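[1] Here's a sequence, model it:
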Amino acid sequence: MAFAPTLKTWLLVLPAVAVLGVAGYRASGHVGAGPVAASDLPAAVASGDSNAVLPVVPKALARRLAAFERGDALPSGLPLDLRADIEDASDLYAYAQRLRAQADTGNHEARWMLSRVYDYCAQYALDPGGYRLDNNVLSGLGLTAAPAMVEARERVAQRCGGFVPGDKLGAALVLSERRKAAAQGNLAAEASLFAEGEPLHDSAAYRRDLVERVRTSRDPEAYMAIAPGMGVRAAGDRAFDGLVAGEQLSELAWRLAACELGLPCGADSVLVNNFCANGGICSQDGAQDFRDLVYDAAVSRQGAGKMKEWIRRLVGKRDGR
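    The predicted structure is shown next:
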């Protein structure tokens, strides 16, 4: 989806991702590789050693049953900023339940954030046991870069632990929620649909108008959502003439502009965690935020000036980095 990593040729992509396919969803519609052959696994795992997989699903079911026994009572409302808890909540299942209650009353902002939770948790929720198994395999490979990815994936598992395969998280559900939010007027959801090749309208005039509306909004969520559609996918499209679009680094410019406008992009943010856990794109410096990660690993010295100028254009700043 629009917040998921798409530039797997840049930054520090783990070799294990290509071998194991652990960074891809176990369903169509997302980046991923095929199943892991038994011969590729450490002996203890490939032999079916029960100690290799932790009881993730029972734990998740227990949490759901506990909520049922409490009468399915939800905490009293959401913060005024519905976006806040996606960064800080330790229980994203409970957060999603609160968002769902708001979304069902017609709150399109809640529905957009619900789609983000589903997108973030989908890889784990589709197969919690397999997700934990992948972590064990990664840990056993002895790769220098593996610990960072395992740590990021463990954070996803901890935060998404209430979801189970029966929730059917995945591309279809995320797109469905975003279509509903966009139809209700949510700009970030509309931008996300465009970036995923599912625009509300298919015309050059619409595409340019959408980009201009995102820029005018100065909404960091909308900037980040539209970013994948402004990279190489936009190359050759005359609708974007004169705009920051059409190059691999232009996608990053939109993402960094979102950070400049207030999207959480720190070392412990959902953005950085998602790139590492679900995309295998991890920094070897645990304190590095998304901005520094990009400039260190994805932007050449020659390209840095161009990148800064693009960001200034996108956020209306005169000062450099």
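[2] Run through this structure and note the low-pLDDT ranges.
    1-80, 317-321 (pLDDT under 70).
[3] Distance from the chain centre to the longest helix anywhere in the chain, please.
    Assignment by DSSP state H gives helix 108-125 as the longest helix of the chain. Between the centre of helix 108-125 and the centre of its chain there are 9 Å (Cα atoms, centre = their mean, to the nearest Å).
[4] List the buried residues for the helix or strand just after that helix?
    Downstream of helix 108-125, the next assigned helix or strand under DSSP states H and E is helix 128-141. By neighbour count on 16 or more other Cβ atoms under 10 Å, the buried set for helix 128-141 is 128, 130-138, 141. For every residue, glycine as well, the C-beta is placed using N, CA and C.
[5] and whichever helix or strand comes after helix 128-141, what does it pack onto?
    Toward the C-terminal end, the helix or strand that comes next after helix 128-141 (DSSP H and E) is helix 146-159. Secondary-structure packing of helix 146-159 (3 or more Cβ pairs under 8 Å, 6 or more residues apart in numbering; DSSP states H and E): helix 15-20, helix 108-125, helix 128-141, helix 270-279.
[6] let's go with 10 Å and repeat that
    Counting contacts by 3 or more Cβ pairs under 10 Å, 6 or more residues apart in numbering; DSSP states H and E, helix 146-159 is packed against helix 15-20, helix 56-69, helix 92-103, helix 108-125, helix 128-141, helix 270-279.
[7] before we move on, the earlier item: CA atoms only for the longest helix of the chain, dumped as CSV, please.
    Output of helix 108-125 as CSV, limited to C-alpha atoms (Å, rounded to 0.1, in the frame of the first residue of the first chain):
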residue,chain,number,x,y,z
HIS,A,108,-13.5,9.3,7.2
GLU,A,109,-10.4,10.3,9.1
ALA,A,110,-10.9,7.3,11.5
ARG,A,111,-11.5,5.1,8.4
TRP,A,112,-8.2,6.2,6.9
MET,A,113,-6.3,5.5,10.0
LEU,A,114,-8.0,2.2,10.3
SER,A,115,-6.7,1.3,6.9
ARG,A,116,-3.2,2.3,8.0
VAL,A,117,-3.4,0.0,11.0
TYR,A,118,-4.6,-2.9,8.8
ASP,A,119,-1.7,-2.2,6.3
TYR,A,120,0.9,-2.1,9.1
CYS,A,121,-0.4,-5.3,10.8
ALA,A,122,-1.3,-7.4,7.7
GLN,A,123,1.9,-9.3,7.2
TYR,A,124,1.8,-10.4,10.8
ALA,A,125,-2.0,-11.1,11.0
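[8] Perfect, I'm done here.
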